[in-house]
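1. based on what follows, work out the 3D shape:
(one chain, ligands or ions: 1)
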Amino acid sequence: MKRVALITGANKGIGFEIARQLAEREFTVILGCRNAAAGRAAADDIGCTPPPVVCQLDVTDDDSIRRAAAFVTKQFGRLDVLVNNAGVALDKFRSALDLEAGTLRDTFETNVVGAFAVTKAMSPLLMITDGARVINLSSALGSLESMGGLTLAYRMSKTALNAITRVLSAELADHGVSVNSMCPGWVRTALGGADAERSPEEGADTAVWLATVQPSPTGAFFKDRQPLPW
Ligand code: NAP
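-> Numbers count the residues shown, from 1 in each chain. Below is the predicted model:
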């Protein structure tokens with residue numbers, strides 16, 4: 001049976017490109033999208049045969065997550081790769097002194113709680129699949145070693161996502177599941193903006209590498225396929 005990959009936030013940007021590249025590499029790709037119509041349009045754009053599967057998935061909605069886990073269980077009974085890609089940047093370049101608590105909560109709801117809840121819901125499937133992997137779309141902006149001013153909510157959310165990577169990599173190691181964080185670089189997407197340095201193709205590279213490299217590392221943080229300081 002083909003390996004199965006679920007990518008959250010796969011209707012556009014880096015998530016779409018990760019899905020496209022994994023489909024090219026013979027994965028059965030599940031596009032997790034909060035807007036199913038946008039997911040179907042993305043599936044048409046990928047255009048592989050058979051087409052990618054679309055699964056409605058809002059990472060901030062417990063019922064949606066539960067339904068998605070039930071769907072993957074029923075349709076495939078396995079999950080080789082989970083890419084926690086869905087993310088928001090609500091305080092880009094804003095001073096921490098102007099940050100509202102609600103913006104911090106909203107950022108955490110998607111980037112941290114969402115990624116955790118999806119991973120937890122999918123963990124029974126990951127644990128029964130040989131060599132399964134979780135890939136968390138983090139950011140160098142969450143690296144404490146190089147942390148400077150501005151964008152506090154987004155930075156904190158990615159630092160917290162990295163903590164999820166560390167803790168779950170330790171707890172899932174005995175089940176053969178690897179968990180890693182990666183930074184795609186500054187990428188031209190709705191989130192990254194038009195002035196960003198990289199194309200989505202370049203931004204997807206390290207995630208696709210983590211989905212396929214043998215043996216898989218675990219509990220680490222990568223950019224351009226190289227370790228990045230926490
Ligand atoms: P993007 O083009 O804005 O795409 C974000 C994706 O996340 C969209 O599909 C969006 O869905 C989805 N999403 C947001 N909230 C969601 C929710 N509650 N449930 C499900 N999906 C949700 O952003 P991107 O640049 O590709 O970013 C992808 C990931 O890379 C993010 O985690 C981001 O933090 C990370 N990253 C990006 C950059 C960069 O420069 N672009 C740099 C470092 C890290 P809708 O279309 O429905 O809104």
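2. longest helix in this protein, please.
-> helix 152-172 (DSSP state H).
3. can you list the residues of this protein near the ligand?
-> Applying CB under 6 Å from any ligand atom, one finds that the chain approaches the ligand through 8-9, 11-15, 34-35, 38, 57-60, 85-89, 110, 114, 137, 139, 183-184, 186-187, 189-192, 196. Bear in mind the C-beta positions are built from the backbone N, C-alpha and C, glycine included.
4. residues of the longest helix of the chain that come out buried?
-> By 16 or more other CB atoms under 10 Å, the buried positions in helix 152-172 come out as 152-162, 164-166, 168-169, 172.
5. what comes into contact with whichever helix or strand comes after it?
-> Next in sequence after helix 152-172, counting helices and strands by DSSP states H and E, comes strand 178-183. Contact with strand 178-183 is made by 119, 131-140, 143, 161-162, 164-165, 168-169, 172, 206-207, 210, 216-223, 228, as judged by CB atoms under 8 Å, 6 or more residues apart in numbering.
6. in strands only, show me the residues of the chain next to the ligand.
-> Those of those mapping onto strands are Thr8, Leu137, Cys183, per DSSP state E.
7. and the first one, what pLDDT?
-> In other words, Thr8. Among the per-residue scores, Thr8 holds a pLDDT of 99.
8. how many other residues sit next to it?
-> 28 (other CB atoms under 10 Å).
9. gap between it and Lys158?
-> Counting by CB to CB, to the nearest Å, the gap between Thr8 and Lys158 amounts to 15 Å.
10. what's the answer for the second one, then?
-> For Leu137, the distance to Lys158 (CB to CB) stands at 9 Å.
11. got it, and Ala86?
-> Separation of Ala86 from Lys158 (CB to CB) stands at 13 Å.
12. coming back round to it: could the ones in strands among the residues of the chain next to the ligand go into a markdown table alongside distance to Gly148?
-> Shown next, in a markdown table, are these (distance: CB to CB, whole Å):
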| residue | distance to Gly148 |
| --- | --- |
| Thr8 | 28 |
| Leu137 | 21 |
| Cys183 | 16 |
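13. looking at these, which one is closest to the ligand?
-> Nearest to the ligand, judged by CB to the nearest ligand atom, of those is Leu137 at 3.9 Å.
14. still on that earlier bit, what residues does the longest helix of the chain touch?
-> The set of residues external to helix 152-172 that reach it, using CB under 8 Å, 6+ apart, is 84, 87, 89-92, 96, 99, 103-104, 107-108, 110-112, 115-116, 119, 123, 126-127, 134, 136, 138-139, 141-144, 147, 177-181, 218-219, 221, 230.
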